[in-house]
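1. Provide a 3D model corresponding to the input given below.
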Amino acid sequence: MENIRGGVSGSPIRNETIKADGQQRKPKKIANQSLKYVTVFWFVTALFGQWFFFYYIMGFYGDSVINDNMEYLNVVFERFGVTPYRAGDFSGNLAFIAHAIGAGIVAFGGALQLIPKVRNSFPKFHKINGYVYLITVFFLAVSGFYLVWIRDTSPIGVPEIGTTINGFLILAFAYLTVRLAIKKDIANHRKWALRLFFVSNAQWILRVGTFSYLVTGNILGMTPAFGDPFFYMWTFGCYVLPLLTLQLYFYAKERGSDSVKYATSGLLLVITMLMIMGMVGYIPFLLKVLSGGPITF
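-> Numbers count the residues shown, from 1 in each chain. Model (predicted):
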């Protein structure tokens with residue numbers, strides 16, 4: 001009996017089965033790790049970019065308000081044909097500055113909501129920061145509606161329509177995020193929170209994508225310029241593309257095959273590299289704005 005048991009437990013067939021099973025799991029593990037590490041790389045890149053954006057928002061817009069020097073905003077923006085500050089327009093100026101500073105708060109606080117260790121180790125902070133974030137994105141959407149449909153008297157164009165759709169998406173995703181949190185459906189709550197993160201950070205994504213287009217275009221020997229068709233498409237693409245990519249990430253992580261996970265990892269890597277290219281152009285531009293020096297492109 002001992003020989004029979006020993007022969008069965010240590011049989012070549014059983015050993016080959018265990019070995020084959022281990023060989024099958026190894027590629028799956030590598031695919032999962034590939035998706036995980038590329039996602040971390042993307043998040044760290046986005047975190048750096050958004051926190052620098054917060055620093056710029058507070059240093060530029062915040063400083064202009066504190067020092068009662070909102071006229072300086074026009075010095076920077078008039079190169080784009082925009083005059084955000086208007087003498088005597090208290091409500092309009094307030095809406096603009098609230099919209100700008102709100103984008104900075106969203107950039108800083110939203111990233112904190114996505115860090116698992118912060119969420120798990122400091123649940124009370126996560127909850128309070130979540131409330132602040134939700135209130136901020138609400139006013140971000142409402143102030144955007146006011147600036148586009150009430151303050152701006154020029155004809156409604158593609159950028160204004162894009163901003164309006166983005167505002168409605170912010171409100172809808174914020175509602176779903178809160179509703180699922182109340183229902184304790186944490187898995188879906190986190191999914192909608194991620195979707196909200198992207199649409200509420202459209203201002204940052206828009207700018208990084210713009211400079212990525214300019215920098216990569218010049219590297220490739222092209223002559224990119226403001227007014228190219230890209231900018232009309234990117235008005236919508238700055239929140240549509242991230243949402244589509246996020247949906248692909250959900251699918252790859254939950255039900256995707258190894259090949260889908262590798263493809264998604266490759267796409268995220270390309271997007272992250274383009275983000276870095278955009279930040280390489282955008283950050284020096286913001287530093288020039290903060291220093292008060294001459295602004296060039």
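
2. When you work out contacts or count neighbours from here on, use the C-alpha atoms and nothing else.
-> Noted.

3. show me what contacts Gln203?
-> Ala103 (Cα atoms under 8 Å, 6 or more residues apart in numbering).

4. can you tell me the helix or strand for it?
-> With elements taken from DSSP states H and E, the one containing Gln203 is helix 202-219.

5. Give me the next element, helix or strand, following that helix.
-> Past helix 202-219, further along toward the C-terminus, the next helix or strand under DSSP H and E is helix 229-254.

6. Show me what counts as buried in the helix holding Gln203.
-> Residues of helix 202-219 classed as buried: 202-216 (neighbour count, 16 or more other Cα atoms under 10 Å).

7. Please apply the same query to stretch 110-130.
-> For stretch 110-130, burial by neighbour count (16+ other Cα under 10 Å) applies to 110-114, 126, 129-130.

8. Work out for me the element the spatially most central residue of the chain sits within.
-> The geometric centre of the chain, computed from its C-alpha atoms, lies nearest to Phe198 (Cα atoms, centre = their mean), at 4.2 Å. With secondary structure defined by DSSP H and E, Phe198 is part of helix 186-200.

9. Likewise for Ile135?
-> In this structure, Ile135 sits in helix 123-146 according to DSSP H and E.

10. now the angle from the next helix or strand along the chain from that helix to helix 123-146?
-> Along the chain past helix 123-146, the next helix or strand (assigned with DSSP H and E) turns out to be helix 158-182. Interaxial angle, helix 158-182 versus helix 123-146 (axes from the mean of the first three to the mean of the last three Cα atoms, to 10 degrees): 150 degrees.

11. Kindly calculate the angle that helix 158-182 makes with helix 229-254.
-> Relative orientation of helix 158-182 versus helix 229-254 (the same axes, to 10 degrees): 20 degrees.

12. so what secondary structure elements neighbour helix 158-182?
-> Counting by 3 or more Cα pairs under 8 Å, 6 or more residues apart in numbering; DSSP states H and E, the packing neighbours recorded for helix 158-182 are helix 123-146, helix 186-200, helix 229-254.

13. Can you tell me which of the ones you listed is nearest to His99?
-> helix 123-146 (5.3 Å; Cα to Cα).

14. re the thing from before, may I have the helix holding Phe198 as CSV, with CA atoms only?
-> Presented in CSV, the C-alpha positions along helix 186-200 are these (Å, rounded to 0.1, in the frame of the first residue of the first chain):
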residue,chain,number,x,y,z
ILE,A,186,-17.8,49.9,-3.4
ALA,A,187,-16.6,48.2,-6.6
ASN,A,188,-18.8,50.2,-8.9
HIS,A,189,-18.4,53.3,-6.7
ARG,A,190,-14.7,53.2,-7.5
LYS,A,191,-15.3,52.8,-11.2
TRP,A,192,-17.5,55.9,-11.4
ALA,A,193,-15.1,57.8,-9.1
LEU,A,194,-12.4,57.1,-11.7
ARG,A,195,-14.7,58.3,-14.5
LEU,A,196,-15.5,61.4,-12.5
PHE,A,197,-11.7,61.9,-12.0
PHE,A,198,-11.1,62.1,-15.7
VAL,A,199,-14.0,64.4,-16.7
SER,A,200,-13.4,66.8,-13.8
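
15. most neighbours per residue, which of the helices and strands packed on helix 158-182?
-> Neighbour counts (mean count of other Cα atoms under 10 Å) averaged over each of the helices and strands packed on helix 158-182 peak at helix 186-200, with a mean of 20.

16. and that one, how far from the chain's centre?
-> Per Cα atoms, centre = their mean, to the nearest Å, the displacement of helix 186-200 from the mean C-alpha position of its chain is 11 Å.

17. For that helix, give me every contacting residue.
-> Residues external to helix 186-200 that are found in contact with it (Cα under 8 Å, 6+ apart): 103, 106, 110, 114, 137, 166, 169-170, 173-174, 176-178, 180-181, 239, 242-243, 246.

18. Touching, Leu35 and Val260? I think so.
-> No - distance between Leu35 and Val260: 9.9 Å, which falls outside the contact criterion (Cα atoms under 8 Å).

19. if we can go back for a sec, what separates the residue nearest to the centre of the chain from Lys28, distance-wise?
-> Between Phe198 and Lys28 the distance, using Cα to Cα, to the nearest Å, works out to 29 Å.

20. Asp68 too?
-> The span separating Asp68 from Lys28 equals 58 Å under the rule Cα to Cα.

21. So between these two, which is more surrounded?
-> Lys28 (15 against 10; other Cα atoms under 10 Å).

22. Leaving out chain neighbours, which residue sits closest to Val148?
-> The shortest distance from Val148 to any non-neighbouring residue, by Cα to Cα, 6 or more residues apart in numbering, is to Glu160 (6.0 Å).
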